[in-house]
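J.: return atomic coordinates for the entry below.
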Amino acid sequence: MTTTTAIELPIDFNTMDETGLPWTFLDQAVDPARVVPGAHLVAGSGTVRAVVVVVDVTDDGIVHVCDVPGSVEDNAHLLDDRSVFVPASEHLPDLLPAPPETCGTGRDETAQ
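T.: Reported below is the predicted structural model:
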């Protein structure tokens with residue numbers, strides 16, 4: 001079953017910056033007051049939609065998000081009770097991409 005869910009945060013999921021996360025501008029949100037770290041929102045553009053977790057909002061109004069695996073329908077329970085706020089720190093580590101290596105070869109140099 002596919003339903004059309006309104007987009008709360010317009011975003012192109014292909015726009016990633018040095019964080020490795022998609023980003024958009026806070027003023028693009030339908031309700032900017034709802035865009036806070038840890039909030040679950042429906043984000044996307046055109047026919048592409050996903051439930052996302054807001055990772056952060058910078059002082060410049062840039063919003064970084066992490067998409068929740070699965071369809072909007074599969075994750076609707078995350079959107080049902082908007083009064084429940086789960087801090088991002090409780091669920092983001094499992095969803096965020098691994099940080100890029102800053103130096104070295106990425107191999108275990110001590111292995112023989």
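J.: where are the low-confidence patches of this structure?
T.: Applying pLDDT under 70 to the chain flags residues 1-4, 80-112.
J.: mind listing the helices for it?
T.: Read by DSSP state H, the chain holds these helices, from start to end of the chain: 77-80.
J.: now stretch 8-19: buried residues?
T.: For stretch 8-19, burial by neighbour count (16 or more other CB atoms under 10 Å) applies to E8, L9, I11, F13, T19. Where C-beta positions appear, they are placed from N, C-alpha and C, glycine not excepted.
J.: I misspoke; the intended subject was stretch 51-59.
T.: When burial is assessed from 16+ other CB under 10 Å, stretch 51-59 yields the following buried residues: V51, V52, V53, V54, V55, D56, V57.
J.: could these go into a markdown table alongside distance to Q28?
T.: Formatted as a markdown table, the buried residues of stretch 51-59 follow (distance: CB to CB, whole Å):
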| residue | distance to Q28 |
| --- | --- |
| V51 | 17 |
| V52 | 13 |
| V53 | 17 |
| V54 | 13 |
| V55 | 16 |
| D56 | 16 |
| V57 | 12 |
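J.: thanks a lot, see you next time.
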